[in-house]
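Trainee: Would you be able to build a 3D model of this:
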Amino acid sequence: MGRVNLLLGVGILLAIALNLLTGRHPIEFSDLLAALGGQRVPGVSFMLWEDRLPQAAVGILAGAAFGASGAIFQRLLRNPLASPDVIGVGYGASAAAVAGMLFFGAQGIGLSLLAFAGALVVALVIYVIADSGKHTGARLILAGIAVAALLQGIIQYLLTRTDVRNASDALRWLTGSLSASTWERAGLLGCALVILLPLLMPAASRLRILELGDDTAAGLGLRVRGTRLGLIILGVALTAVATAVTGPLAFVSFLAGPLALRLCQGRSHLGAAALTGALLVTAATYLAGNVLPETPLPVGVVTGALGAPFLIWVLVRTNKEGT
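Mentor: Got it, this is the predicted structure:
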């Protein structure tokens, strides 16, 4: 586990270095070192401290939140399809945030609170549809997909009922992007994760007990229903705070958990999933700025392009296995 986490950490640092040194306006390595050392390098200092470093910070934090959240839901429901962006939790955050942006001009902490409330309400609705968590497999996932389709329709309706400029801003946010990253947003996200990420350690221990089965977990003294609900709230909170800052970065939650599970050879991997999510977002940031140098892409477009083939592969594999 230590080697895996070290490998992921090195990968994140390499992706950040590539993001800092390359792109439409590449930075010379000597200028980068000088600017990082506090010297004022015309053009480079502003680009570094006001654009690329805030973008890197937000990408790492948001990726970690999405990755950990996806792993929680996938392990809790024992299904690789059960990530927040597939079962509708992410759409709940998006719908509430879009409504707040369009009708109340919500930003910052207000937007985060709306996103959290929307995601939590949707998660609880899906939880109730699945008979208060008694059926945490296919039934909950199908309920989530249905709710996600409904929320997509609501989002589209909201966009048609508002001013064109406001709708354009909301559409850019819905694509998922790091282009509006600032130190303020990084600080807001960082403060939230300082509270949430330390909860991953006790969450991992309870997930291991739940994986033994509800009867065994209850026999070991675990309050099964309350624990399951608490894990859902933790996963919702991680998704919501990241979505409020970056928009819904497609498939990061979906990809991070299975990749971390493979790297860790089936061991407890919530921390590794968080690091994998951070690596995915920082790598996608590099691809978004360099695949089409003259037309930078939103990060959400790249993560969606990476995640869609993986989703198809998962569906084909599970269909062949009959699971």
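Trainee: mind listing what Leu231 touches?
Mentor: By CB atoms under 8 Å, 6 or more residues apart in numbering, Leu231 lies in contact with Ile72, Leu76, Ala203, Arg206, Leu207. Any C-beta I mention is one placed from the backbone N, CA and C, and that applies to glycine too.
Trainee: Going by neighbour count, which of these comes out on top?
Mentor: Neighbour counts for these, by other CB atoms under 10 Å, peak at Ile72, which reaches 29 neighbours.
Trainee: from memory it sits against Leu207, does it?
Mentor: Yes: under the criterion of CB atoms under 8 Å, Ile72 is in contact with Leu207, at a separation of 7.3 Å.
Trainee: shared neighbours of those two, anything?
Mentor: What both Ile72 and Leu207 touch, as defined by CB under 8 Å, 6+ apart, is the set Leu231, Leu270.
Trainee: For Gln107, grab phi and psi.
Mentor: Backbone torsions for Gln107, taken as degrees, to the nearest 10, come to phi -150, psi 170.
Trainee: same thing with Gly23?
Mentor: Main-chain torsions, Gly23, degrees, to the nearest 10: phi 110, psi -170.
Trainee: Distance of it relative to Thr285?
Mentor: 10 Å (CB to CB, to the nearest Å).
Trainee: And those two? Which one has more around it.
Mentor: Thr285 (31 against 19).
Trainee: Give me the distance between the more buried one and Leu171.
Mentor: 20 Å.
Trainee: can you give me the helices in the stretch 51-200 of the chain?
Mentor: Here the stretch 51-200 of the chain has its helices, by DSSP state H, counting those that start in this stretch, at 53-77, 89-104, 108-129, 138-160, 164-175, 183-196, 200-210.
Trainee: and of the contacts of Leu231, the nearest to Asp85?
Mentor: Checking the contacts of Leu231 against Asp85 with CB to CB, the nearest one is Ile72 at 13.3 Å.
Trainee: and that closest one, what is it in contact with?
Mentor: Applying CB under 8 Å, 6+ apart, the residues near Ile72 are Ala203, Leu207, Leu231, Leu234, Gly235, Leu238, Leu270.
Trainee: helix or strand for the fourth one, which one?
Mentor: Right, Leu234. helix 224-246 (DSSP states H and E).
Trainee: elements contacting the next helix or strand along the chain from that helix?
Mentor: Using DSSP H and E, the next helix or strand after helix 224-246 towards the C-terminus is helix 252-263. Applying 3 or more CB pairs under 8 Å, 6 or more residues apart in numbering; DSSP states H and E, one finds that helix 252-263 makes contact with helix 2-21, helix 53-77, helix 270-290, helix 299-321.
Trainee: Give the buried residues for helix 252-263.
Mentor: Within helix 252-263, the residues scored as buried using 16 or more other CB atoms under 10 Å are Val252, Ser253, Phe254, Leu255, Ala256, Gly257, Pro258, Leu259, Ala260, Leu261, Leu263.
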